[in-house]
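Participant: sequence isn't available, so here's the structure alone:
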């Protein structure tokens, strides 16, 4: 069955094409457009599900080797021979020249042939399921949420195109296809953020997202070029096996693998909104809420994580870059979390929460726990999509009000939304047994016990504080939105507040517009599905502390599922050995040299790894509890406390509220300078270049004028003067012969005749 | 006249050169004709150059032409007598000249009439349109 995966990306594309091309011309009804879009995505999901099932559990011999499609595959770019200018010279060969052995540094060339084919392996299957499964929920939700919008067909055409691009990104069998998908999702993100293109804020946000992503794409492209120049191919299967044979570049050694990893990391930072390229994601909330849920929470922003895990062998070969990834992730996690505390727009809070959670995922990859990073991608996709859709439901119920200060007490009015949102809240806070707990706890445990990089304790500490902040701001969001006093009656309802400005006649508008209402069934059913996933989805990665130190469940356990993709530094092979080997001599020594390791120190005290894990689980739960307790205290129990503390910590509050002025800084340092540069270049062009051109034209004209005058007055004058002189001199003589009298002429003739005759006689005599 | 002829005949016979004289009448001396033709030509040219009346100039041109004709005839006879060359060529040429002269006279007189109608004069010194 898994041989039909090539249909998975094509179906949403077909749906998008039908909707986009015919939706407007033939005035498709909303149900038809929605049916096409949801139907194609649902079909994709079913195919993915059966494909993954048959691949992983169908007893086929393929597992865990990647399956690269041959159906519907073609040679996309037959580039011919390329010289591999980078990387190891494998064997300096000896050849015979004129009976003498000559050693040559073997110049490697290979036939670069970039194919268009899809790859099914543990990693891409996880992403396929997330993208199509969560995508399906969001598509269904969107049919309700976007009801009555003008451009309904356009929305679903873009969404289908997005699904196609995202699936190409995660299913492509080589870096170039990943790049195609990468750019495709970037384009769809741009189109969908700017869906309300008549609002300047949305148009600006879409441009900002696109341009910021360009910075990252630049790094990604350089990395792709470097990969091709090094390995002579872009196919993952070939690249990862070749890269595995390269020596590990330890901390402080900066080599080829580090360069490639740096380029990839820049790309990942752009797409996954990591500091310092995170600025576009909060602004991207100007798009419709389903877009925020699908693109800017569940799928597209995790593309960076996909890339990191796909190229984990390259990253693991560069300890420096691993540390960079971990530190960037940790910093982004706490940085975005502290901003999230003070935002008042419900979607902005969720956006910063997304940035923060993506930071957690990078953190996980940085400490070497790529599997856990992907696990968090999955659980995050569940609960964050749920929360975004919940927020969409709230916005819908509040008649397009996004300011949390004008909400409160909504639990009474929106039962389904409230209860599902509650599940998402508990999941993101990390309360056992909701999905977020399992992944986040594993991340922090891996950070504390990492041997891949030094400073694991610092990363753990930052991550733990960020987790506290996460619990705090999410509790704040819950309290301000669903609990507490009902504030929506106090404010005059204004349609054109910063949120959605479209004047749409809702079918529910006939009752009191101040009272929120529950959303239609098409919106809360996906919420329920996602809530169930957010609740129980984490059990696929259940902590080994609960299972006696073993990964149980066979391939259902995500750790066992994904391990074949991950390169093991200690064994130098892909995948984890079945029984835990004693660590290689060098590896342990390396980790000892790396200084303080929190988990190992505690383990040394307690004498048991499982006990140590339990310590960290308890710490996670305690900090989550502290965050929640503080949130409840500040925003539910005694709301005046929030303002008091905001006043007490005024500088911090202002910094957080203004997002640390990063946007302003970029505006000042980059945007304005770019504009200055543009103006400078324009001035140079208009003054110097144009001046040069105009100057040479002026010079030419001047020369021609001078030449013209010389010709007119000097040359012509000379000619005329000579002619006049000749006329004056000769004409009296010559014209006196011309009497006009016939007889004179006749006389001349006679004289001439006489002369001729006389001459004749003289000569002949 | 009879007297003159008879007396001329007598003179010739008497002078004893009668045969010679007869011979000279039968075969006249070329140079005399040439002299007469030259005189005629001179008169014609002088007429052309000096007379102001266009008609008279035409007449003078006729004289020039006839001087030429006379030469042709004289040479024709001369050649006939001496037996060298073709004696008829000169005569034929003379006929041609006469024809051409007639045509020339016709055209010339036409021009004169046209000129007179336009300028009311046929005096050539008043016709100086060809002056520079």
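Facilitator: Looks like it arrived, so ask away. Quick caveat: nothing in here was measured; it's all calculated off a predicted structure.

Participant: low-confidence bits of chain A, can you list those?
Facilitator: The model of chain A has pLDDT under 70 over residues A:87-99, A:101-108, A:490-514, A:549, A:577-595.

Participant: if I pick whichever residue of the stretch 601-750 of chain A sits closest to chain B, what's in contact with it?
Facilitator: Relative to chain B, the nearest point of the stretch 601-750 of chain A is residue A:740 (2.8 Å; C-beta to the nearest C-beta). Using the backbone N, CA and C atoms, a C-beta is placed for each residue, glycine as well. By C-beta atoms under 8 Å, 6 or more residues apart in numbering or on different chains, the contact list for residue A:740 reads B:127-132.

Participant: can you give me the domain boundaries for chain A?
Facilitator: What automatic domain parsing lists as the domains of chain A is A:1-73+A:117-173, A:199-497+A:512-577+A:587-657, A:664-733.

Participant: ends of the longest one, how far apart?
Facilitator: Taking C-alpha to C-alpha, to the nearest Å, the span from the opening residue of domain A:199-497+A:512-577+A:587-657 to its closing residue is 24 Å.

Participant: which parts of chain B sit against chain A?
Facilitator: Taking C-beta under 8 Å from any C-beta of the partner chain, the part of chain B that reaches chain A is made up of B:45, B:48-50, B:57, B:124-125, B:127-132.

Participant: how about a cut-off of 6 Å?
Facilitator: Residues of chain B lying close to chain A (C-beta under 6 Å from any C-beta of the partner chain) are B:45, B:48-49, B:124-125, B:128, B:130-132.

Participant: export these to a markdown table and append columns for distance to residue A:209.
Facilitator: Output for the residues of chain B next to chain A, formatted as a markdown table (distance: C-beta to C-beta, whole Å):
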| residue | distance to residue A:209 |
| --- | --- |
| B:45 | 115 |
| B:48 | 112 |
| B:49 | 113 |
| B:124 | 108 |
| B:125 | 109 |
| B:128 | 101 |
| B:130 | 97 |
| B:131 | 97 |
| B:132 | 93 |
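
Participant: point out the ones among those that are inside helices.
Facilitator: Mapping those onto helices (DSSP state H) picks out B:45, B:48-49.

Participant: quick check: PyMOL command selecting the buried ones in the residues of chain B next to chain A.
Facilitator: To isolate the buried ones among those in PyMOL, judged by 16 or more other C-beta atoms under 10 Å in any protein chain shown, type:
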select buried, chain B and resi 45+48+49+124
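
Participant: which residues sit in contact with residue B:47?
Facilitator: residue B:60 (C-beta atoms under 6 Å, 6 or more residues apart in numbering or on different chains).

Participant: could you pull up phi and psi at residue A:414?
Facilitator: Dihedral pair for residue A:414: phi -130, psi 80, per degrees, to the nearest 10.

Participant: give me the number of residues near it?
Facilitator: 24 (other C-beta atoms under 10 Å in any protein chain shown).

Participant: give the contact list for the spatially most central residue of chain A.
Facilitator: Closest to where the C-alpha atoms of chain A average out (C-alpha atoms, centre = their mean) is residue A:271, at 2.3 Å. Listed by C-beta under 6 Å, 6+ apart, the contact set of residue A:271 reads A:216, A:303-304.

Participant: turn those into JSON lines, columns for neighbour count.
Facilitator: Output for these, formatted as JSON lines (neighbours: other C-beta atoms under 10 Å in any protein chain shown):
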{"residue": "A:216", "neighbour count": "26"}
{"residue": "A:303", "neighbour count": "25"}
{"residue": "A:304", "neighbour count": "27"}
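
Participant: which of those residues lies closest to residue A:760?
Facilitator: Nearest to residue A:760 among the contacts of residue A:271: residue A:216, at 111.2 Å, using C-beta to C-beta.

Participant: distance check, the closest one against residue A:273.
Facilitator: According to C-beta to C-beta, to the nearest Å, residue A:216 stands 10 Å off from residue A:273.

Participant: likewise residue A:522?
Facilitator: Distance from residue A:522 to residue A:273, by C-beta to C-beta: 29 Å.

Participant: who's more crowded, those two?
Facilitator: A count of neighbours by other C-beta under 10 Å puts residue A:273 above the other of residue A:522 and residue A:273, at 30 against 16.

Participant: what does chain A put close to chain B?
Facilitator: Residues of chain A lying near chain B (C-beta under 6 Å from any C-beta): A:735, A:738, A:740-743, A:746-747, A:750.

Participant: what about the helices in chain B?
Facilitator: If DSSP H is used as the criterion, the helices of chain B fall at B:2-15, B:18-26, B:30-50, B:54-82, B:88-119.
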